[in-house]
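Novice: Just to be clear, the model below is a prediction. Sequence and coordinates:
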Amino acid sequence: MSKVAGWITHRYMKFVVIAFWLVVVALLGPLAGKLTGAQDNDAASWLPANAESTQVIEVASSFVSSNTIPAVIVYENPDGLTPEDLTAIAADAQEFGTLDTLDGEVVGPIPSEDGQAAQIIVPLDLGKDGWDLAADAVDDLRATAEDGLPDGVTVYVTGPAGQAADSSKAFEGIDGTLLYAAAGVVIVILLLTYRSPVLWILPLISAGVALTVAQAVIYLLAENFDLTVNAQSAGILTVLVFGAGTDYALLLTARYREELRRHTNRHEAMAVALHRAGPAIIASGATVALGMLVLLFATMNSTAGLGPVAAVGVIVALLVMLTLLPALLVLVGRWIFWPRTPHVGDHEPTEDGFWARVGGRISHHPRRTWIGTAALLAVATIGVVQLNPTSLTTEQQFTTEQPSVVGEQVLAEHFPAGAGSPVVVIANAEQADAVRTAFAGVEGIDPASVTEPVVKDGTAYLEGTLTSEPDSDEAFDTVDRVRDAVHAVPDADALVGGTTAVTLDVERASTRDTIVIIPIILLVVFLILAVLLRAILAPVVLIGTVVLSFGAAMGISALFFRHVFGYAGVDTGFPLFVFVFLVALGIDYNIFLMTRVREEALRIGHRRGSLVGLAATGGVITSAGLVLAGTFAVLGTLPLVSFAEIGFAVAFGVLLDTLIVRSVLVTALNLDIGQRMWWPSTLSRQPEPAEPGPGPDPDPAALREPAPVG
């Protein structure tokens, strides 16, 4: 690391490093702009790869194009549809039949039994980019239906096409929205942290370079290696690169500023800063990247795809912040810190600052402190009982009212609740009649709605309508009953799919992923910490504190979701996503603290090293936590409940970790456990220096001396 640090910060090689990144951005910049076009937001990109409903989608493509998405147009007149109304609706149906994007025949108008509504089903084939084109297609359908609409009649567009339109609009401009919001948060926090009108520019430039390069690399992986990228993973990429990248920038810059007070030559100061802070930053980035790659074990395609996307973003951010940022900092010189320009011999403000005083207070009663803190966090986890992760209904998925949701409600008032979202059954053609009989006899399926089998290439295709709303628990139970019934037909090899089956399979796959992936992530984090800290007890203690922090964050978030924001619940994938981000990112701050404590403990003993480590890192880690919390909080700008919940929980959890867990709980444990924290390394057996006489612990400033380079 010492050799690499010296090479990066060499008075001439810094120009080569800067030129290298300029060339990389020039070459890859145009590719970064293509990432949005490479996103795959079709159903298969989100679904569990081997689920029964996913197999149905694949088989059913020979009967109905996999790109087909039905739109349901609902006409309502509370006073009853008149003959003139029905004539106008029939004319609309004929006009829908002339659409270039029509796939099959228009169904309807179908009047409701109460005579107050009618529906038309228009199967649309919008191509492989149908999710992105759905909004325009639905707008055209609505405009056609509203043109010449009789007085008293209201029209709604719902069904899968309407829902896709609302979802695509919610994600529309997500990259720009999150980019500008994250950049704004970073600028504000960097201004408050550095109190310099110019220093924030360099970390922001570096973060922008990292995001551009990461997007280009991910685009190449998506195009050439079938990496699945969707709107969810692309949005999280922006937040993660800005948040994690700026964290690394803060930690490096803080150590550089510290070394500028000890070295006349800024190149030498940066070399020492890189040598000392680099391993902790690399370990941090490796922890996050490997934690994200563990998501490859997920059965959900959207979750598995997020892993490599996030890992690439973190790795690129790490490389940029350890090469380009140091080169830029030594290029501009000390003045970039103006008006608080560091000079050799200046007093180190962190040595007697806020965190030094906090450490002094903790040192008087460390056991009482960590037991009390842990107890409060444990109490906070009780709120988890209100979390109830489940599949959110279409209405519950948005923070604002959506047209398709309103249309779905109107449709349910006048027609069978499952209209527009049929259950689909695929079976061997030879057993089609037996399968149809079993299908129609299931409780929760309207027997009159079960279609005659359509046979092609030895496979039969059937549809049936649910008597309950398609995203209700009753509908999920019906799907299970249908599966039991048709699976029992000998030699039928029947499969059950459709919108409700997809939702059910997603819920079960997400639950399975959470149970499988969380232990693997904990193991990966433990191994990295064990290698970095050369100890076993310390990693166990640190992981325990992060898990406790995660539980408290989930518990308090659940209370906010239920009683403050009024959300109906959380998505089934919520616990896993929050765990990955909080544990992988939250362990970073423990890495930064404990590597510094270990460095100091080797010189001045564990007890005083713990206090100096907290004093030296407290301010910058707090700033890093604010940056990461702020960038994740911008997910709340999207009108999607799942994003808002992830953003809030991660932001709150990061703040809890940086302000309470890392500073108070870990420091108190360090002081109470003592040198045994480093067991079984030789540091755990190194005798502590003689303690000072009675009185408070000495000022950490008195314990500091310039750290050697080697």
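Specialist: Arrived safely, thanks for sending.

Novice: Next, give phi and psi for the residue of the chain positioned farthest from its centre.
Specialist: Relative to the centre of the chain, and counting by Cα atoms, centre = their mean, the farthest-placed residue is P83 at 51.9 Å. Taking degrees, to the nearest 10, you get phi -60, psi -40 for the backbone angles of P83.

Novice: Spit out the contact partners of it.
Specialist: With Cβ atoms under 8 Å, 6 or more residues apart in numbering as the criterion, no residue contacts P83. Heads up, the C-betas are built off the backbone N, CA and C, glycines and all.

Novice: likewise the one 10 residues further on?
Specialist: Contacts here follow Cβ under 8 Å, 6+ apart; on that basis A93 touches V106, G108, P109, I120.

Novice: Sitting in strands, which of those residues do you find?
Specialist: Applying DSSP state E to these, the entries found in strands are G108, P109, I120.

Novice: okay, those in TSV with neighbour count, distance to V666 and pLDDT next?
Specialist: Below are the ones in strands among the contacts of A93 laid out as TSV (neighbours: other Cβ atoms under 10 Å; distance: Cβ to Cβ, whole Å; pLDDT from 0 to 100):
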residue	neighbour count	distance to V666	pLDDT
G108	18	64	75
P109	22	67	84
I120	24	62	85
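
Novice: tell me the mean pLDDT over stretch 655-670?
Specialist: The pLDDT scores in stretch 655-670 average 90.

Novice: Let's see the distance spanning that stretch from one end to the other.
Specialist: Start and end residues of stretch 655-670 are separated by 21 Å (Cα to Cα, to the nearest Å).

Novice: mind listing what's buried in the helix ranked longest in the chain?
Specialist: Taking DSSP state H as the criterion, the chain has its longest helix at helix 499-533. By 16 or more other Cβ atoms under 10 Å, the buried positions in helix 499-533 come out as 499-511, 513-514, 517-518, 521-522, 524-526, 528-529, 532-533.

Novice: Would you mind listing the buried residues in stretch 667-682?
Specialist: Applying 16+ other Cβ under 10 Å to stretch 667-682 flags T667, A668, L669, N670, L671, D672, I673, G674, Q675, M677, W678, S681 as buried.

Novice: Would you mind pointing out the helix or strand the residue nearest to the fourth one when sequence neighbours are not counted falls in?
Specialist: With Cβ to Cβ, 6 or more residues apart in numbering as the criterion, N670 has its nearest non-adjacent residue at 4.2 Å, and that residue is S610. In this assignment (DSSP states H and E), S610 forms part of helix 606-633.

Novice: mind showing which ranges of the protein have poor pLDDT?
Specialist: The chain contains residues with pLDDT under 70 at 1-7, 9-10, 38-46, 64-67, 127-132, 172-176, 348-352, 391-393, 417-420, 690-710.

Novice: Just give me the residue closest to the centre of it.
Specialist: Note: the chain centre (Cα atoms, centre = their mean) maps to I236, 5.0 Å.

Novice: Make sure that residue is actually in contact with A310.
Specialist: Yes: with contact defined as Cβ atoms under 8 Å, I236 counts as touching A310 (6.5 Å).

Novice: hmm, back to that, show me what whichever helix or strand comes after the helix holding S610 is packed against.
Specialist: Counting by DSSP H and E, the next helix or strand C-terminal to helix 606-633 is helix 641-656. Packing contacts for helix 641-656, counted by 3 or more Cβ pairs under 8 Å, 6 or more residues apart in numbering; DSSP states H and E, involve helix 537-563, helix 574-604, helix 606-633.
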